[in-house]
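Chemist: Requesting a structural model of the entry that follows:
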Amino acid sequence: MIVSRSTIRSACSLVPRQISHAVRGAEEFPGKKRSFVRSYHNKKIANLSHRTQICVHKSFSSASSSPTPQLDKMTSERIEGILSDLKSRHPGQNEFIQAVEEVLMSLTPLFEKQGDEDYIGAFSVIAEPERVVKFRVQYPTFEKDGDVKLRTTTGYRVQFNSALGPYKGGLRFHPSVSESIIKFLGFEQIFKNALTNLPIGGGKGGCVFDPKGKSESEVRLLCESFMKGLYRHIGPNLDVPAGDIGVGGREIGYMYGEYVRLRGQPDMGVLTGKSTDFGGSKLRPEATGYGLVYITLEALKKYSHYRFLSEDKQAQIKENNFKGLKVMISGSGNVAQFAAEKVMELGGSVCSFSDSSGAITSEEGFTQAQIDELFHLKNVKRGRLSEMSRDNLTYHEKQSVWKLGMQCDVALPSATQNEIDLEAAEMLVEGGCWCIAEGANMPTTNEAVDFLKTKLEIYLPGKAANAGGVATSALEMAQNSARLFWTSEEVDEKLKGIMNNIFETAYQSAQDFDRPWDLQFGANAAGFLKVYKAYKSMGYLKF
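Modeler: This next block holds a predicted model:
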């Protein structure tokens, strides 16, 4: 069999910058047999990315087959119709549309093989929230001149999907909160929760509020007012909120106290993220960060051999270590803090953190003393990174950590949505980054995701990578229901098992569609199919 240039080009159509390395084998030896060209091309592509290698190898295994078929006209029109309808029903909600479009377009390989199933029709149903609750939130602020002003904002709870269980997802108190952002977070939560294989649906909530610089009384009164609007719509078998940006154990405690006063009776299962003093779970604050590191390790073990790392580094990864790897982290909240703690515990070097004021970096890696200082600064003083002592650290005011041109092996974006745009993605690749696992929700723009998937060995989307938090929230729900209290070791063991299963689910789903490099597709497809099957079994998709 003769291997044609067009065959290789079609197999590598998504990685044009690297095609020439593979095509040269066919061009320099026209008419040569497959075995000869295979030997040549194996040498030439040794340094290409994992995705490129798979594309090229597939060209030899299917040299006589036609290129991957494009979506037929009817399917394309239906996809465009879904997006058009959503934009008309949710005008101006750009973050929500972006989240829907990311999942929808990534699922095209599934739509190509839907057969008698109507996956596209089901997607249009799943993409619409079951319920959007909006309510008035009033709270006082104490001005510097001694005046007290009454502020009013809008509280949101988007109960997006209950196919798999009670609505489950966090509450966000942040100046950027809008209906669009809460919808995008709720939509992401559907598939994230489905991947955990736990009986929880998807939801999200929050309001516009900046806790920075606010007194304890101001925060407490805001939380109590928020719960006055929310309490009628939640319950342990209906909707179980948790924390998110701006909402930690303190805020959950204030809201739970107000819920008990309004209801006249305790109900531990109505909120998660509680203090262990009254029904919370061990390791809940650590869970998202720890889970992010656990699933990243699983991906490194599966894919790292494509980097041709030293035998020592390969051995360390196989033994669940980050030794010798430089890790960049954005954010400085719970996810970033505990991801850094676990990376360092496993021998890795953490080189960066950030907050809304800027970024702080260390080329040599943060020391344990510096990590302890950061924990105290953020969790006790509630201060800014600019306040940290600067021994061997560099502070970059108002700069993105991803645009500093730093060298790294692994990037863990753990701050907020859309923090990595195309420019930042290009700088990461230039800096040698070969693995990105998302600790935040949708931290990478769609354009940057498309670029990174052609350059990196590993791209782990947030739906899979940051599911440790909601998984441990579900474990908290289980403990509340059974009146049990598990040890840290028990919770950690269950968390590891859940994160390993999430990776295997996403990886196997990608394998099933002959896309072993595409964990974005694997995670989205696995989550979508679980919800689709539940809806179908309940008759929601029959007309």
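Chemist: So which elements touch the host helix or strand of Met427?
Modeler: Met427 belongs to helix 422-430 when elements are defined using DSSP states H and E. Helix 422-430 is packed against helix 446-455, with contacts defined by 3 or more CB pairs under 8 Å, 6 or more residues apart in numbering; DSSP states H and E. To be clear about C-beta, it is placed using only N, CA and C from the backbone, and glycine gets the same treatment.
Chemist: Next, the buried residues of the helix it packs on.
Modeler: Asn446, Ala448, Val449, Asp450, Phe451, Leu452, Lys453, Thr454, Lys455 (16 or more other CB atoms under 10 Å).
Chemist: Stretch 202-217 now?
Modeler: By neighbour count with 16+ other CB under 10 Å, stretch 202-217 contains the buried residues Gly202, Gly203, Lys204, Gly205, Gly206, Cys207, Val208, Phe209, Pro211, Lys214.
Chemist: ok, now which ones touch the most centrally placed residue in the chain?
Modeler: The residue lying closest to the centre of the chain (CA atoms, centre = their mean) is Gly462, at 1.3 Å. Residues in contact with Gly462, defined by CB atoms under 8 Å, 6 or more residues apart in numbering, are Glu188, Lys192, Glu438, Gly439, Ala440, Asn441, Met442, Pro443.
Chemist: Pipe those residues into JSON lines and attach pLDDT, secondary structure and distance to Ser176 per row.
Modeler: Below are the contacts of Gly462 laid out as JSON lines (pLDDT from 0 to 100; DSSP: H, G, I helix; E, B strand; the rest coil; distance: CB to CB, whole Å):
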{"residue": "Glu188", "pLDDT": "98", "secondary structure": "helix", "distance to Ser176": "16"}
{"residue": "Lys192", "pLDDT": "98", "secondary structure": "helix", "distance to Ser176": "20"}
{"residue": "Glu438", "pLDDT": "98", "secondary structure": "coil", "distance to Ser176": "18"}
{"residue": "Gly439", "pLDDT": "98", "secondary structure": "coil", "distance to Ser176": "18"}
{"residue": "Ala440", "pLDDT": "97", "secondary structure": "coil", "distance to Ser176": "13"}
{"residue": "Asn441", "pLDDT": "95", "secondary structure": "coil", "distance to Ser176": "12"}
{"residue": "Met442", "pLDDT": "96", "secondary structure": "coil", "distance to Ser176": "13"}
{"residue": "Pro443", "pLDDT": "97", "secondary structure": "coil", "distance to Ser176": "14"}
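Chemist: In these, which residue is surrounded by the most others?
Modeler: Gly439 (31 neighbours; other CB atoms under 10 Å).
Chemist: Not counting its neighbours along the chain, what's nearest it?
Modeler: Distances taken as CB to CB, 6 or more residues apart in numbering put Ser414 closest to Gly439, at 3.3 Å, once the chain neighbours are dropped.
Chemist: doesn't that neighbour fall inside a helix?
Modeler: No. Remark: Ser414 does not belong to a helix; assigned using DSSP: H, G, I helix; E, B strand; the rest coil, it is coil.
Chemist: from memory it sits against Gly331, does it?
Modeler: Yes. The criterion here is CB atoms under 8 Å, and Ser414 meets it with Gly331 at 4.0 Å.
Chemist: Name the residue in the two with the higher neighbour count.
Modeler: Set Ser414 next to Gly331 and count neighbours by other CB under 10 Å: Ser414 wins out with 31 against 27.
Chemist: And that one, how far from Cys207?
Modeler: Separation of Ser414 from Cys207 (CB to CB, to the nearest Å) stands at 22 Å.
Chemist: who's in contact with the closest residue to Glu419 other than its chain neighbours?
Modeler: Closest residue to Glu419 apart from its sequence neighbours, by CB to CB, 6+ apart: Pro443 at 4.8 Å. Going by CB under 8 Å, 6+ apart, Pro443 touches Ser330, Pro413, Ser414, Ala415, Thr416, Gln417, Asn418, Glu419, Ile420, Gly462.
Chemist: give me that answer again for 6 Å
Modeler: Pro443 sits next to Pro413, Glu419, Ile420 when contact means CB atoms under 6 Å, 6 or more residues apart in numbering.
Chemist: Just among those residues, which is most surrounded?
Modeler: Result: Pro413 is most packed of these (other CB under 10 Å), 30 neighbours.
Chemist: my read: that residue touches Gly331, true?
Modeler: No. At 7.6 Å, Pro413 does not count as touching Gly331 under the criterion of CB atoms under 6 Å.
Chemist: just the strands in the stretch 401-543 of the chain please.
Modeler: 410-412, 435-437, 458-460 (DSSP state E, counting those that start in this stretch).
Chemist: out of those strands, deepest packed?
Modeler: Ranked by mean neighbour count, those are led by strand 410-412 with a mean of 29 (mean count of other CB atoms under 10 Å).
Chemist: and that strand, what other elements does it pack with?
Modeler: Counting by 3 or more CB pairs under 6 Å, 6 or more residues apart in numbering; DSSP states H and E, the packing neighbours recorded for strand 410-412 are strand 326-329, strand 435-437.
Chemist: about what we covered before: name the residues that touch the helix holding Met427?
Modeler: Counting by CB under 6 Å, 6+ apart, Trp402, Lys403, Gly405, Ala411, Glu447, Ala448, Phe451, Leu452, Lys455 sit against helix 422-430.
Chemist: Between which two of these is the distance greatest?
Modeler: Distances among the contacts of helix 422-430 were taken as CB to CB; the most separated pair is Gly405 and Glu447, at 20.0 Å.
Chemist: before we move on, the earlier item: ramachandran angles for the residue nearest to Glu419?
Modeler: Per-residue torsions, Pro443: phi -80, psi -10 (degrees, to the nearest 10).
Chemist: for Tyr290, same thing?
Modeler: The phi/psi pair for Tyr290 (degrees, to the nearest 10) is phi -60, psi -50.
Chemist: What of Ser332?
Modeler: Note on Ser332: backbone dihedrals following degrees, to the nearest 10 are phi -150, psi 20.
Chemist: number of nearby residues for the closest residue to it other than its chain neighbours?
Modeler: Spatially, and ignoring its direct neighbours in sequence, Ser332 is nearest to Phe353 (4.5 Å; CB to CB, 6+ apart). A count of nearby residues for Phe353, using other CB under 10 Å, gives 30.
Chemist: Many thanks, have a good one.
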